[in-house]
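K.L.:
Can you look at this prediction? I've put the sequence above it.
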Amino acid sequence: MGRGTRLTRRTLLKGLLGGSVVTLGLPALELFFDPTRTARAQGGGGDSGFPRRFGLFFWGNGILPERWVPTGEGDAWALSEQLAPLAGLEDVLTIVSGTKLGVPNTSPHFAGAAGILSGAPVGDAYGENTFILPSIDQVVAAKLGELTRFRSLEFGANPGPGLSFNGPSSRNPPEKSPFALFERVFGAGFTLPGEEPIVDPSLGLRRSILDAVMGDIAGLQQRVGAADRERLEQHFEGIRGLEKRLAKLEEDPPNLAACALPTEPLADYPDVEGRPKLQEKNAAFAEIAAFALACDQTRVFSNWFTYPVNNTLFAGAPSGHHQLTHDEPDPQPEVHKIVLQCIEALATQIRALRAVPEGDGTLLDHMVLLGTSDVSLGKTHSLEEFPLVLAGGCSGRLVTGHHYRSPSSENASKVLLSVIRAVGLDAASYGDQGGQATEGLSAIEV
Amino acid sequence: MKHTRSRVGRWGAAAALVCASVWTSACGGGAAAPASDDAKVTDDVYAELVPAAPVLTRLTQAQYRNAVRDLLGDDLALPATLEPDAAADGLLAAGAAVTTVSPRGAELYEEAALSLARQATETPERRARVLPCEPTAESMPCFGQFIADVGRRAWRRPLTSDEIAAFELLAGDAAQAFPDDPVAPFTWALAGLMQSPHFLYRVEAGEPDPEAPGARRLSAFELATRLAFFLWNAPPDEALLAAAEAGDLDTADGLVAQVDRLLAADRAREGVRSFVSDWLHLHQLPELKKDPNVFKHFSPDLAAAAREETLRVAEHIVFEREGDLGELFTTRTTFINRRLAAIYDIPAPVLEGFGQTELPADGPRRGLLGHVSFLGLHSHPTSSSATLRGIFLRETLLCDMVPDPPSDLNTAIPEPSPDAPTLRDRLQVHLEDPMCASCHRLTDPVGLGFEPFDGMGRVRATENGVPIDPTGDLDGVAFADPAELAAAVAASPKLTACFVKKMYTYAVARPTEPGEQGQLAALTDAFEADGRRVLGLMRAVAISEGFRRVGEVQ
């Protein structure tokens, strides 16, 4: 497919199959958000009919817990040394410290990743680590993803294979190129508010093929074993998502005032001195994600800045990240600098969301972003004092401007249960086995 | 139930005899795992094969691209990204039977199919490859022939009449949607064929074996598909499909004839390259990142060169030398370009591209474990790593289990100092602390044997001014330098058994099951007896009972 631009993207549909493109006016459809819900609290923004969204920001190899925990608690607190890049954002943040993961630490890095992101112990699939439950972004997408063109978006500056899991051995591969993500969301198939929907004779044929594929998959499911039936079900869901996307092409685009095209990213971000341009790539991704939400193309994203065990050469670092976490003597000054780069990238993502005005607040007010990692102290693969940063009040459902310090090493899954309830899931629990939480963290709920 | 083993001579020498022996369940059935004492009951008896349940294997990215090339031609712009491959049992080939197609993957498959179908039908020259007639307003009569022919190649089996009818319906819709475009029905039918699970997956349901009541085997088309992807990493060609259709693959002679034909074809080289890439994790090479301030010979194109060197050496040993597996590790022959020659500090054999050369006899570099693809990939960005190299050697080449480190363990090692100038000195803490030693004594002592190579793979005599001590032992076999370590790897019985397991797993394209241990042991013994020739092993696997049989759907 060719590149899209603001003026020509409709004609790009021709790039797919050479069909001629015509447009027709259709009656505007009423938008479905959740306009009836009323604001419950101070969290900024209030409930003004904007959709609730969820974002995840993940970096690999953890933190240095001794330099992580903010000073002060409750509403009177100050950023720690490692959280310093978040300066100026305190009013939209909630830092949760002092929690730990309830899952057994059976596999360094991956037990923690599975523990925080799925609430469940890590699984083993033929020698490879896997989640046994969906990651939180997909738990949320199961509800919020039904209404938008993309069920969820996954991307990252140096994402590795990503950790967005639909279930065992079923990952959603992250996009590694900001330009490719831009094309995917804002290229062919995207219409700005007020523009007329796309009508293309190809759409019916594409739908016929997808119907046939679903029929073939369903037929195969009768003939294969239980595990393959599950795998095919996942494929089936993907096809269903494509059908939904075709239908979206024929609808009027969501009428959101904040919707606009993000800055077009560079085609490539070549390494400098063997070091990837992580901050530049992340900044481009962060803005695309913000406008993908603002234009209601999706309500769920996960930004995989780096990944567990990544040995990335960060700017200025003398060795790879993972090697340093294990080999560098205390107090690990080089590891500290790398954590600061990760938190800087988190700050960039938060600022990009806060930069989009929405209603009488910002986009960030109508969502919650969770920032976390796979371990706390990388050197020992510790799951105590787990790093958890929340941003955005989710239309008044979560407190902001707060540091909650757990007095009793509570299960970190409680935070995730609060988060998924805040975005609108009617969930009785989160996670499984040791990681399971059946109640949220009331201190961060409004 | 146990079966008596009947040993036969070299496979290459006695095709019919070998075949007969492998064919009957009385001889080939065995399954003994090198790792399991249960596998080989006595010296002459293997545990009986319990065929694995059929599984659905997705085409890997490379297989998808090869399938497109064979179906539509080699001049199409292939999709840049597809559903990523992921490993199971250390192999992408097996992971394709475990992982799923994600929503993003489904999107990429649709995009690819639409684009490829358009490309394949956009010029008369390309249309001539796939269409039986040049479309005109009246060309629908040739659509039936088109869908039957192309469908059979795309789905690697004949389409049923219902399936053909469904595509005729789609073609009719396309003709209606694009009344002025007589090509449209063909384009859309192609797009549909390539999105179907029958194209994207290798469907292996199996069928009752008429010659062995109660047992199941792959159907002829399923077997043809498994053979072609194993030996060529590509779908079956017309001759193989025809052999399947004619029932040739149901007979021992017919199967052997096709296996020998496939192995003798040029495409077997692609098959071997694909296996070696998967076995040695060469797909990880794009992660080869070095600090150019530390390693001045690093450049972004090095990964591709390192991969090519390893694949060419493998091709040379397997095809030109028909050599022993051990030769892969002991050979001084290699194929390098100027960039690799600079790293190896030897004259470049050719100015452009890759040329054959001999590594110096008095140097430490030998075989695959002397390549940048091993030494550089299993190192850190700014230094070598005895641990990473040791883990690869243990897990990937010898099939040893290296447990994960316990949690909450302090993993720091000392910085280089006058007291501990070399990595060997600094890693001493791994061996002194019992918590570390249980695993690190598996990895570090062998990994330290490669310390005469820096993190990029260049030869060095000293580290921080102190001479490097590369001595050690591999499972009791002492070595004084990397060349001797390579020889110890080459001679390790673990290498032989592990290689057979990897080859078999790759061939059946799914993780192996416990019921196949006897089959593996039988293949390992036969491989050994045959002088560990890789082509001989591929042949033996392809005609083995475990390759052809399936269990009941579970």
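P.N.:
Good, I have the coordinates.
K.L.:
same question for stretch B:526-536, mean pLDDT?
P.N.:
Mean per-residue pLDDT for stretch B:526-536: 97.
K.L.:
buried set for that stretch?
P.N.:
B:526, B:527, B:530, B:532, B:533, B:534, B:535, B:536 (16 or more other Cβ atoms under 10 Å in any protein chain shown). Quick note: C-beta positions are derived from backbone N, CA and C, even for glycine.
K.L.:
got the end-to-end distance for it?
P.N.:
Start and end residues of stretch B:526-536 are separated by 9 Å (Cα to Cα, to the nearest Å).
K.L.:
hmm, back to that, just the buried residues of stretch B:526-536 that are near chain A?
P.N.:
Applying Cβ under 8 Å from any Cβ of the partner chain, the subset of these adjacent to chain A is empty.
K.L.:
Save the residues you listed as JSON lines, and put in secondary structure too.
P.N.:
As requested, the buried residues of stretch B:526-536 are exported to JSON lines (DSSP: H, G, I helix; E, B strand; the rest coil):
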{"residue": "B:526", "secondary structure": "helix"}
{"residue": "B:527", "secondary structure": "helix"}
{"residue": "B:530", "secondary structure": "coil"}
{"residue": "B:532", "secondary structure": "coil"}
{"residue": "B:533", "secondary structure": "strand"}
{"residue": "B:534", "secondary structure": "helix"}
{"residue": "B:535", "secondary structure": "helix"}
{"residue": "B:536", "secondary structure": "helix"}
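K.L.:
any idea what the one residue in chain A that gets nearest to chain B is structurally, helix, strand or coil?
P.N.:
Using Cβ to the nearest Cβ, residue A:238 is the residue of chain A that sits closest to chain B, at 3.1 Å. Secondary structure state of residue A:238, per three-state DSSP, is helix.
K.L.:
which stretches of chain B aren't confidently modelled?
P.N.:
Scanning chain B for pLDDT under 70 picks out B:1-44, B:139.
K.L.:
quick one, strands of it?
P.N.:
With DSSP state E, the ranges of strands along chain B come out as B:2-4, B:40-42, B:45-47, B:57-58, B:201-202, B:207-208, B:216-217, B:333-336, B:355-358, B:462-463, B:466-467, B:472-474, B:477-479, B:549-550.
K.L.:
picking that back up, isn't the residue of chain A closest to chain B up against residue B:108?
P.N.:
No. Counting by Cβ atoms under 8 Å, residue A:238 does not reach residue B:108; the two are 9.8 Å apart.
K.L.:
In terms of neighbours, single out the busier of the two.
P.N.:
When neighbours are counted by other Cβ atoms under 10 Å in any protein chain shown, residue A:238 comes out ahead of the other of residue A:238 and residue B:108, with 27 against 20.
K.L.:
Now do the contacts for the more buried one.
P.N.:
By Cβ atoms under 8 Å, 6 or more residues apart in numbering or on different chains, residue A:238 lies in contact with B:101, B:102, B:103, B:104, B:105, B:106, B:107.
K.L.:
And for residue B:398?
P.N.:
Shown in contact with residue B:398 (Cβ under 8 Å, 6+ apart): B:489, B:492, B:494, B:495, B:498.
K.L.:
which non-adjacent residue is nearest the first one?
P.N.:
Pointing back at residue B:489 there. By the measure of Cβ to Cβ, 6 or more residues apart in numbering or on different chains, the closest residue to residue B:489 outside its immediate chain neighbours is residue B:329, 5.1 Å from it.
K.L.:
I'd like to know how far that neighbour sits from residue A:426.
P.N.:
Residue B:329 sits 60 Å away from residue A:426, taking Cβ to Cβ, to the nearest Å as the criterion.
K.L.:
neighbour count winner among those two?
P.N.:
residue B:329 (23 against 7).
K.L.:
mind listing the helices for the stretch 1-150 of chain B?
P.N.:
For the stretch 1-150 of chain B, the helices defined by DSSP state H, counting those that start in this stretch cover B:15-23, B:25-28, B:61-72, B:92-95, B:103-120, B:124-130, B:143-155.
K.L.:
right, I mislabeled it, should have said the stretch 351-500 of chain B
P.N.:
Under DSSP H, counting those that start in this stretch, the stretch 351-500 of chain B gives helices at B:372-375, B:386-391, B:423-426, B:428-432, B:434-447, B:482-491, B:493-508.
K.L.:
winner for burial among those?
P.N.:
helix B:372-375 (a mean of 26; mean count of other Cβ atoms under 10 Å in any protein chain shown).
K.L.:
What lies in contact with that helix?
P.N.:
Counting by Cβ under 8 Å, 6+ apart, B:280, B:282, B:285, B:288, B:302, B:305-307, B:309-310, B:340, B:343, B:368-369, B:384, B:389, B:392, B:450, B:453, B:455-457 sit against helix B:372-375.
K.L.:
again with stretch A:62-77
P.N.:
So stretch A:62-77 is contacted by A:78-83, A:90, A:95, A:97-98, A:112, A:325, A:331-332, A:335-336, A:339, A:373-378, A:382, A:384-385, A:387, A:401-405 (Cβ under 8 Å, 6+ apart).
K.L.:
quick one: which of these sit in helices?
P.N.:
Cross-referencing the contacts of stretch A:62-77 against helices under DSSP state H gives A:112, A:325, A:335, A:336, A:339.
K.L.:
In TSV: those, plus neighbour count.
P.N.:
Below are the ones in helices among the contacts of stretch A:62-77 laid out as TSV (neighbours: other Cβ atoms under 10 Å in any protein chain shown):
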residue	neighbour count
A:112	27
A:325	30
A:335	26
A:336	17
A:339	28
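K.L.:
Taking those together, which two end up most distant?
P.N.:
Farthest-apart pair in the ones in helices among the contacts of stretch A:62-77 is A:112 and A:336; separation 19.6 Å (Cβ to Cβ).
K.L.:
restrict the contacts of helix B:372-375 to contacts with chain A.
P.N.:
Of the contacts of helix B:372-375, not one also sits near chain A (Cβ under 8 Å from any Cβ).
K.L.:
Name the residue closest to the centre of the chain, please.
P.N.:
All of this is about chain A. residue A:302 (1.8 Å; Cα atoms, centre = their mean).
K.L.:
Using the three-state scheme, assign that one.
P.N.:
Residue A:302 - assigned by three-state DSSP - is strand.
K.L.:
Surely it touches residue A:162?
P.N.:
Yes. Using Cβ under 8 Å as the test, residue A:302 is close enough to residue A:162 to be in contact (7.5 Å).
K.L.:
what do those two both touch?
P.N.:
Contacts common to residue A:302 and residue A:162, judged by Cβ under 8 Å, 6+ apart, are A:154, A:156, A:174.
K.L.:
Which ones, among these, also lie beside chain B?
P.N.:
residue A:154.
K.L.:
What is the nearest of the shared contacts of residue A:302 and residue A:162 to residue A:59?
P.N.:
Relative to residue A:59, and with distances defined as Cβ to Cβ, the nearest of the shared contacts of residue A:302 and residue A:162 is residue A:156, at 9.3 Å.
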